[in-house]
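1. I would like the atomic coordinates for the input below:
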Amino acid sequence: MPREIPQTPSRRSGRGQPLATSSEEADHLHRAWSGQPLYIRPINRVLDDVDPRVEDEGESDDDYETVFYSSMVLEKRHVSAFGRTGRQTEADTRATYHLGDTVLMESDGLSHKRGLPSVGIILAMWETRRKGSQDASDPAKMRIRLQWFLRPGELGAFGTKREPLENEIYYKINGRAVTLPQCILGPCKVTSKPPATTQVKSQTSSKKRRGGWIYETGGVEGLQDYYCRFAYQTKGDQRGYYNVDWEKHHDNANLSTTRPPPEIDLDWGNSALWEVELPAERTRKRKKGKKDDESGSESGNATDDNYEEQSDIEMDDAAGSMDDDDSDESASNPSGGIDEPRTPSKKRKRGVFGFQSPSKRRAEKLATPRKPGKRTVVHPTPHSKAALRKRAKAKGIIDKFAIRPETLSFAAHDLSHLPKDPWLRAMNVLHVGSRPDALPCREEEFERVLRCVGELLEEGSGGCIYISGVPGTGKTATVHAVVRQLKRMADNSETDPFNYVEINGLKIPEPSAAYSVLWQGLSGNDSKNMSSKESLKALTQYFSGGRRGPESHACVVLMDELDQLVTAKQDVVYNFFNWPTLVASRLVVIAVANTMDLPERVMTGRVRSRLGMTRINFSPYTATQLQTIVHSRLKSVKDALEENTHVPLSDDAIKLAAMKVSGISGDARRVLDICRRTVEMVMPEHRMARAPEVKEVIKVMQNSPTAAYLRECSFHERMMLASLIKCIKREGVLEIKWGEVQHQHLIYMNVLTSPSDPTRKPTPGELTLVLDSLVSSRAMLIEDGATIQRKPEGDRLVVLTLDQGEVERVLGEVGGTRWKNVLNT
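-> Got it, this is the predicted structure:
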């Protein structure tokens, strides 16, 4: 089995870098170099992926060398042929690959899960060996450097989208990787010539499967044709699409890999010219000996020979050498250089292509007697982030990540599908399930969440954000609004593309099912039948950076109802909080729970350390804020009515409902429910609802069957329910040990008893009778079964089946101020 390709621990900028991996069957394929060595130089540990055996005792870097080749022979996979079944014969089972060949690659990224191979191009081939060795090449030491292409399906779910043509792929900027030759599945063709038909690629196109991979049928001479017209920058300030001429870029860059320098160059083989150059901030510099009138006007009519451009970094240390380089380049053979693309709107300005390290300058001087071509300069498309930033700078906009206001108002409800009935429309907007894009009275929390998540996406790193608050304070709705805003920003190339997955602890059968939900959201519907154990293994390898393939976009995960995902071992929450700490994960986890101190009360130290210190608390709504929420929803109804028509809910009714709810829980859902029922009550009479109707609705809601049952409970039954709720809040989980409930019950006997209540503490047997009474009424449940009977009685778990908020409210009303204060803590 081949060893795992090492990563450079200190270089965090390499996160998300693609990595191809080979299957066990491919490790036994025949592979060997073809022809004589192309170039030999001393080893370079950063570039050459040096074998660990070089570090054995008594051996140093001076004892080894790196040998480059221009071609290799690789045994073909034994797969079915196109258009027919059966297996190929053993004859002619080997193929030769050369530098600059485009190939299909086997990788364990998301493309593999969709059954599609990744597309790459071979940039370099080499092996490390002892100096002067005449032994045969070791296949385990063979390495290749390749450049990735991106399929449209490998881009982020949220980000700038284009309608791809059939078999269209994108040249990935900063997409070089080192891998093994046996990862090659076969050759392919990449061209910049558009297909004969400009039909948009269909997701249900005819495909054939070979050896576990899906191959699109068609192509010339048995090779699949791919169309490349854009380069794509996946992250950073210049993310987006860039126009590129693939044939010209290929011909120019391939010269640097097939023509070695006459002298020793430790950096040769890094395939630097295969990386396209993005436009940078540049300043003009006069050429020596040129007159002012020859330098051209500022209107864009200057010619290439009048001036040259220079980056701010190079202006001070390379002022003298660039003039000579430019003069030499202008006299070189036009066929040997590169025909740089020009935009039709203005003159193209020829200049220096970014900052270069001293080693790269030395490599250019030693490469060939002729002046080598420079990197291909690609230009942004009109809607790429680079173009948007350039236009923003021209308008004086601050060039950094800033909080954008919501594009939709608080009253953004579409009521065109409803009849023009004020009462019916008011009931629609006051429904709990009708959520506007922006939440009133949560602007500060919205900005904090947006800034935290947005900065992590901009940095390309992972992290955890813990959001807490009592139910009904807008936690989940605020996160949804943040995700919608980030999606709009990604579609406009204002932030990095990303995927979004939502996991609700109340909607999955068990905590471990969260693994399957996340992996299905990342890889698509092909993995819906994977077990939780298989999904955990796939996620661990994916976020470790070894299963990415070409794709490297970020992922935002919302873990709602976090307390439902906490288990005894806490392995689920640990894994979700640990993955963002890995260098290559680019995972952002937003954890939402109802209690602020859940990590300190429930989670172990290792889980809390992974969670981090980014915590945002949502306070309960005040009466004024609840009124603002109701008025903002009714505004859309008022705007759609005629001038002399009023909304069917008066201001005093809204104020009374808000004050009642704010004094109990501050739950916005409850005040909306009260207002909606009030409007529903007066709808048959077509009149405005006022404070008396609100009082009647509140009285009816308080006299629910649950409330009526709780008022009829005995003192010790109400005491046991209060003890169970206290344990639930303290532990952060719904299942509580019976022994802990008994202990809390005896504590409350000293706190909640009044002169009219019994003061004698009950015995364990009497508490068991109280529990049996509540269980028979289905107010509580307790573990039962043959296996459970062998457990100690105090270790059996009990659970509350009634609505916890309703129980707290009724017990507070029946018990008085002392009970209300205890239940609210």
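2. ok, Ser535 to Ala514 distance?
-> 9 Å (Cβ to Cβ, to the nearest Å). Using the backbone N, CA and C atoms, a C-beta is placed for each residue, glycine as well.
3. more neighbours: which of those two?
-> Ala514 (26 against 22; other Cβ atoms under 10 Å).
4. is the more buried one part of a helix or strand, or is it coil?
-> helix (DSSP: H, G, I helix; E, B strand; the rest coil).
5. that one: what's it in contact with?
-> Applying Cβ atoms under 8 Å, 6 or more residues apart in numbering, we find Ala514 in contact with Ile503, Gly505, Ile508, Met559, Leu565, Val572, Phe576.
6. what's the closest of these to Asp138?
-> Using Cβ to Cβ, Phe576 comes nearest to Asp138 of the contacts of Ala514, at 41.7 Å.
7. are we agreed that the closest one is in a strand?
-> No. Looking at Phe576 with three-state DSSP, it is helix, so not inside a strand.
8. how far away is the nearest residue to it once chain neighbours are set aside from Asn578?
-> In space, and not counting its chain neighbours, Phe576 is closest to Val589: 5.6 Å by Cβ to Cβ, 6 or more residues apart in numbering. When distance is defined by Cβ to Cβ, Val589 is 10 Å away from Asn578.
9. circling back: show me what the residue nearest to Phe576 is bridged to.
-> Beta bridges link Val589 to Cys464, Val557, judged by DSSP bridges.
10. hang on, it packs against Val557?
-> Yes. Between Val589 and Val557 a contact is recorded at 5.1 Å, counting by Cβ atoms under 8 Å.
11. looking at the two, which one has more neighbours?
-> Between Val589 and Val557, counted using other Cβ under 10 Å, the more crowded position is Val589 (27 against 23).
12. check what pLDDT that one gets.
-> Looking at Val589, its pLDDT stands at 95.
13. dump the residue contacts of it.
-> Each residue near Val589 by Cβ under 8 Å, 6+ apart is listed here: Gly462, Gly463, Cys464, Ile465, Val557, Met559, Phe576, Phe577, Trp579, Pro580.
14. switch to 6 Å and redo it
-> Contact partners of Val589, counting by Cβ atoms under 6 Å, 6 or more residues apart in numbering, are Cys464, Val557, Phe576, Pro580.
15. columns distance to Glu783 on top of the residues you listed, output as CSV?
-> Below are the contacts of Val589 laid out as CSV (distance: Cβ to Cβ, whole Å):
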residue, distance to Glu783
Cys464, 33
Val557, 32
Phe576, 28
Pro580, 35
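16. in the stretch 651-800 of the chain, where is pLDDT below threshold?
-> Applying pLDDT under 70 to the stretch 651-800 of the chain picks out no residues at all.
17. ok, and the helix or strand in the chain with the lowest average confidence?
-> Taking mean pLDDT, DSSP states H and E as the measure, the helix or strand of the chain with the lowest value is strand 307-311, at a mean of 36.
18. which parts of the stretch 401-550 of the chain are strands?
-> Per DSSP state E, counting those that start in this stretch, the stretch 401-550 of the chain carries strands over the ranges 463-469, 498-504.
19. quickly compare those and say which is most buried.
-> strand 463-469 (a mean of 23; mean count of other Cβ atoms under 10 Å).
20. pLDDT wise, what is the closest residue to Leu539 other than its chain neighbours at?
-> Distances taken as Cβ to Cβ, 6+ apart place Trp519 nearest to Leu539, at 5.5 Å, with adjacent residues excluded. The score at Trp519 is 90. That number is its pLDDT.
21. would Gln147 count as being in a strand?
-> Yes. Assigned with three-state DSSP, Gln147 falls within a strand.
22. mind checking what secondary structure the nearest residue to it once chain neighbours are set aside has?
-> Nearest residue to Gln147, sequence neighbours excluded (Cβ to Cβ, 6+ apart): Ile121, at 4.9 Å. Under three-state DSSP, Ile121 falls in the strand class.
23. for Ile121, give the beta-bridge partners.
-> Ile121 forms beta bridges with Thr102, Gln147, as assigned by DSSP bridges.
24. wait, it touches Trp148, no?
-> No. If you go by Cβ atoms under 6 Å, Ile121 and Trp148 don't touch, sitting 8.6 Å apart.
25. so between these two, which is more surrounded?
-> The neighbour comparison of Ile121 against Trp148 (other Cβ under 10 Å) goes to Trp148, with 29 against 26.
26. look up how far Glu534 lies from the residue nearest to Leu539.
-> Separation of Trp519 from Glu534 (Cβ to Cβ): 8 Å.
27. show me which of these two is the more surrounded one.
-> The neighbour count for Trp519 versus Glu534, taken as other Cβ under 10 Å, is higher for Trp519 (23 against 14).
28. and the nearest residue to Met596 once chain neighbours are set aside, how close does it get to Glu813?
-> Nearest-residue entry for Met596: Ser468, 4.3 Å, with adjacent residues in sequence omitted and distances by Cβ to Cβ, 6+ apart. If you measure Ser468 against Glu813 using Cβ to Cβ, the figure is 27 Å.
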